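Trainee: Here is a sequence together with a model predicted from it:
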Amino acid sequence: MTSENARIPATAAVLAGGRSMRMGIDKTLLPVDGETLVARVVEAVSPVFEHVLIVTNRPEALADAGLAADVPIVSDDTPYLGPLGGVATALAHAPDEWVLAVAADMPWVRPDVLRALWDARGDGQVVVLVTPKGPEPLLAFYHRSVLPIAQRILESGRRRLVAIFPEARVVEVPVETLHAIDPQLRSLVNVNTPEDLADVRETPPPEPPQPPSVIELASRRLRGAPSERPITVFMNDVEIATMQASPRDLEELAVGFLVAEGLLSDRDALETVDSDYKRGLVYVASREPVPEDFTYRTRYVTSGCGQGVTFSSVGHARGLEPVRSDLVVESEQLYAMMGQMARGAEMYRDTGGTHACALGRAGEVVLLREDVGRHNAVDKLLGRAWLDRVPVADAVLLTTGRISYEMAVKAAKARVPVVVSRTAVTDLAVEVASELGITVVGYARGGKLVIYTHPHRVRVVTEEA
């Protein structure tokens with residue numbers, strides 16, 4: 001074991017090459033307690049390691065970062081290929097056999113945590129923390145012997161740092177073993193968004209932060225605030241889109257989104273879906289190719305209205321094959337399923353700020369998902385159905401949000417014949433649904449239904465009947 005005063009005989013590589021997509025500006029230069037993020041991380045690791053270097057895609061941007069003059073800055077050998085490229089560059093240029101990879105946006109990293117990781121290395125080639133959400137590859141040790149593995153993976157077109165792990169001897173350190181050293185696990189905090197930046201600029205609380213809440217003056221009842229985070233979806237290591245969504249069911253969200261965009265269609269071709277919940281990243285691998293021009297078509301999708309279909313146009317939607325189904329559903333079944341969806345919407349009851357979406361069959365809800373965005377809720381629902389091969393040709397799609405044309409398009413691409421909302425339907429949704437053979441029903445509440453298109457699929461049951 002290393003003593004508290006002895007330097008670790010390794011190189012700390014501060015990775016500062018990210019594009020800061022979710023922050024909007026170069027986050028490594030943002031000030032925290034009077035110094036930039038990157039300088040803060042360098043300052044934390046410098047007294048602990050024999051050597052320190054910075055890997056970046058833009059060395060010139062660090063001129064005003066407040067770094068010591070003797071800190072080497074290395075240009076990334078494979079620019080903009082993610083952390084894997086940064087680690088490969090560090091291994092190639094470091095004067096030591098071992099390299100600590102640490103992200104430049106981790107302002108609270110603690111020396112005793114780094115020493116604990118170092119002491120755990122044994123005969124491994126990689127030493128990595130493992131949390132309930134998976135490994136933390138950007139606070140990990142890598143031996144130079146994994147450099148050929150990293151280079152081979154990069155040459156194959158892959159960009160994920162964890163792709164090294166299956167080919168290396170990996171020592172996994174359970175994050176629970178660090179609680180005695182870092183009770184709140186502040187060493188693992190990343191700054192990815194403006195909200196994260198606001199958090200780290202405040203004094204760390206003595207207790208783990210609780211979900212935000214507000215007091216409703218009329219009832220004085222506590223209600224939690226709905227969660228909303230940026231979620232970035234990759235397909236075959238190509239970045240497709242970043243959307244604002246509730247940070248749960250991310251695999252379903254990504255798959256449903258890609259199905260709705262027409263990028264996934266063959267369930268048998270799907271290989272893996274991996275999520276990094278901490279950083280809000282979802283990686284989908286499929287034998288279906290990503291069109292080459294998607295490399296330049298990354299989109300940022302809000303959780304609000306009007307951007308639910310990022311790549312599709314109304315003209316494209318009208319080119320879809322109409323939905324053909326013999327489904328007939330009774331009005332009483334629609335009321336029953338709307339009630340089941342409302343009772344099952346736990347997030348809505350807790351926060352009052354989410355949308356619910358459900359898939360129903362024969363008067364019973366079989367799947368239900370919620371999200372802060374109504375489009376996301378649909379994607380999560382249909383993504384789960386697609387993953388589980390749940391048939392939807394005889395199903396009803398129910399939603400608490402209004403039915404806009406994007407919602408009608410999502411239903412058409414999933415081949416759902418009936419879409420029902422407890423609220424409004426837009427005129428463009430009616431026009432598109434009429435052409436695509438979808439039955440659209442609005443205002444399904446209080447014994448009322450408004451059937452806008454293809455009414456033959458709804459049998460109205462009256463008390464006299």
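Mentor: In hand now; what should we look at? All of these numbers come straight from a predicted model, not from anything done at the bench.
Trainee: The stretch 101-250 of the chain: strands as residue ranges?
Mentor: Per DSSP state E, counting those that start in this stretch, the stretch 101-250 of the chain carries strands over the ranges 126-131, 134-143, 170-174, 213-215, 222-224, 229-235, 238-245.
Trainee: Number of residues surrounding residue 146?
Mentor: Neighbourhood size, residue 146 [other Cβ atoms under 10 Å]: 22. Bear in mind the C-beta positions are built from the backbone N, C-alpha and C, glycine included.
Trainee: Enumerate every residue touching it.
Mentor: Residue 146 sits next to 91, 125, 126, 164, 167, 168 when contact means Cβ atoms under 8 Å, 6 or more residues apart in numbering.
Trainee: and if you look at residue 440?
Mentor: 403, 408, 419, 420, 425, 429, 430, 433, 451, 452, 453, 454 are the contacts of residue 440 under Cβ under 8 Å, 6+ apart.
Trainee: How is this protein partitioned into domains?
Mentor: If you go by automatic domain parsing, the domain ranges for the chain are 8-196, 229-313, 329-459.
Trainee: mind saving the C-alpha coords of stretch 283-296 as CSV?
Mentor: Extracted as CSV, the C-alpha positions of stretch 283-296 are listed here (Å, rounded to 0.1, in the frame of the first residue of the first chain):
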residue,chain,number,x,y,z
TYR,A,283,-25.6,2.8,-26.6
VAL,A,284,-27.6,0.7,-29.1
ALA,A,285,-25.9,-1.9,-31.3
SER,A,286,-27.6,-3.4,-34.3
ARG,A,287,-26.6,-5.1,-37.5
GLU,A,288,-28.8,-2.5,-39.2
PRO,A,289,-26.5,0.2,-40.5
VAL,A,290,-26.8,3.9,-39.6
PRO,A,291,-27.0,6.1,-42.7
GLU,A,292,-23.6,7.8,-43.2
ASP,A,293,-25.0,11.4,-43.1
PHE,A,294,-26.4,10.8,-39.6
THR,A,295,-22.9,11.6,-38.3
TYR,A,296,-23.8,15.2,-39.2
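Trainee: Pull the distance from it to the chain's centre.
Mentor: Counting by Cα atoms, centre = their mean, to the nearest Å, stretch 283-296 is centred 17 Å from the centre of its parent chain.
Trainee: Go ahead and name everything in contact with it.
Mentor: Here stretch 283-296 makes contact (Cβ under 8 Å, 6+ apart) with 160, 233-240, 254-255, 258, 263-266, 269-276.
Trainee: Mind putting the strands of the stretch 101-250 of the chain into TSV with mean neighbour count?
Mentor: As requested, the strands of the stretch 101-250 of the chain are exported to TSV (neighbours: other Cβ atoms under 10 Å):
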stretch	mean neighbour count
strand 126-131	21
strand 134-143	22
strand 170-174	16
strand 213-215	10
strand 222-224	13
strand 229-235	23
strand 238-245	23
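Trainee: Indicate which one of the ones you listed is closest to residue 345.
Mentor: strand 222-224 (14.0 Å; Cβ to Cβ).
Trainee: returning to what we had before: ok, so of the contacts of residue 440, who is nearest residue 150?
Mentor: residue 408 (45.9 Å).
Trainee: So the closest one, which state does it fall into?
Mentor: helix (DSSP: H, G, I helix; E, B strand; the rest coil).
Trainee: I figured it hits residue 418, correct?
Mentor: No - if you go by Cβ atoms under 8 Å, residue 408 and residue 418 don't touch, sitting 11.5 Å apart.
Trainee: Overlap in contacts, those two.
Mentor: Taking Cβ under 8 Å, 6+ apart as the contact rule, residue 408 and residue 418 both touch residue 438.
Trainee: where's residue 372 relative to residue 79, distance?
Mentor: 35 Å (Cβ to Cβ, to the nearest Å).
Trainee: and the two? which has more neighbours close in?
Mentor: residue 372 (21 against 13).
Trainee: which residues pair with residue 450 across the strands?
Mentor: Under DSSP bridges, the beta-bridge partners of residue 450 are residue 442.
Trainee: Tell me, what's the model's pLDDT at it?
Mentor: Looking at residue 450, its pLDDT reads 93.
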